[in-house]
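S.K.: Output the structure for:
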Amino acid sequence: MAGSGSSMMYSFLLFTVILSLQEMYRGKLASTELFTILGGFTSSLLFLVLLTFIGNYQESCGVKTGWGAVIVAEAVALIAAGTVHRVCITTCFLFSAPILYEVNKLSGIMLTKSESKTKRH
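M.R.: Numbers count the residues shown, from 1 in each chain. Sure, this is the predicted structure:
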């Protein structure tokens, strides 16, 4: 499993690459309905990698991660989606909701696994 430092670096690099590509091709992403939906999806990927970056940064600093990280990551992703097309804001939000649900579910599973390991020893 990757440490929080390397995961933080990779998520920041992915954030930079995705945002750069989205801004380079924003004319194409705003050209048709299907590409507009794709623009919202790429913005929701920005939400995911930025949430990973913020969570790892807070973990490395020893700060408890909460809903503030989710709000900041979602706000940045929605602003990035807004630079492409107005509809991308809505589709980004709609794609980000199930991603957040799955991340929360995965986090709960990993937390219970780590708690069960500490209780055994």
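S.K.: so who does residue 64 touch?
M.R.: By CB atoms under 8 Å, 6 or more residues apart in numbering, the residues touching residue 64 are residue 58. C-beta here means a position set from N, CA and C on the backbone, and glycine is covered the same way.
S.K.: Packing partners of the helix or strand that residue 37 is a member of?
M.R.: Residue 37 belongs to helix 33-61 when assigned by DSSP states H and E. Using 3 or more CB pairs under 8 Å, 6 or more residues apart in numbering; DSSP states H and E as the contact test, the elements touching helix 33-61 are helix 4-24, helix 26-29, helix 67-82, helix 86-120.
S.K.: Quick check: the residue nearest to residue 15 when sequence neighbours are not counted vs residue 80, distance?
M.R.: Once flanking residues are discounted, residue 15 sits nearest to residue 49: 4.6 Å by CB to CB, 6 or more residues apart in numbering. Distance, residue 49 to residue 80, by CB to CB, to the nearest Å: 12 Å.
S.K.: So if I had to pick from those two, which one is more boxed in?
M.R.: residue 80 (24 against 21; other CB atoms under 10 Å).
S.K.: Quick check: the residue nearest to residue 15 touching residue 11?
M.R.: Yes - contact criterion CB atoms under 8 Å: residue 49 and residue 11 qualify, at 4.5 Å.
S.K.: The helices and strands packed on helix 33-61: lowest mean pLDDT?
M.R.: Lowest mean pLDDT within those: helix 86-120, at a mean of 90.
S.K.: report the angle between the axes of that helix and helix 67-82?
M.R.: On the basis of axes from the mean of the first three to the mean of the last three CA atoms, to 10 degrees, helix 86-120 is oriented at 150 degrees to helix 67-82.
S.K.: So for the spatially most central residue of the chain, what's the pLDDT?
M.R.: By CA atoms, centre = their mean, the chain has its centre lying nearest to residue 48, at 1.4 Å. We have a pLDDT of 97 for residue 48.
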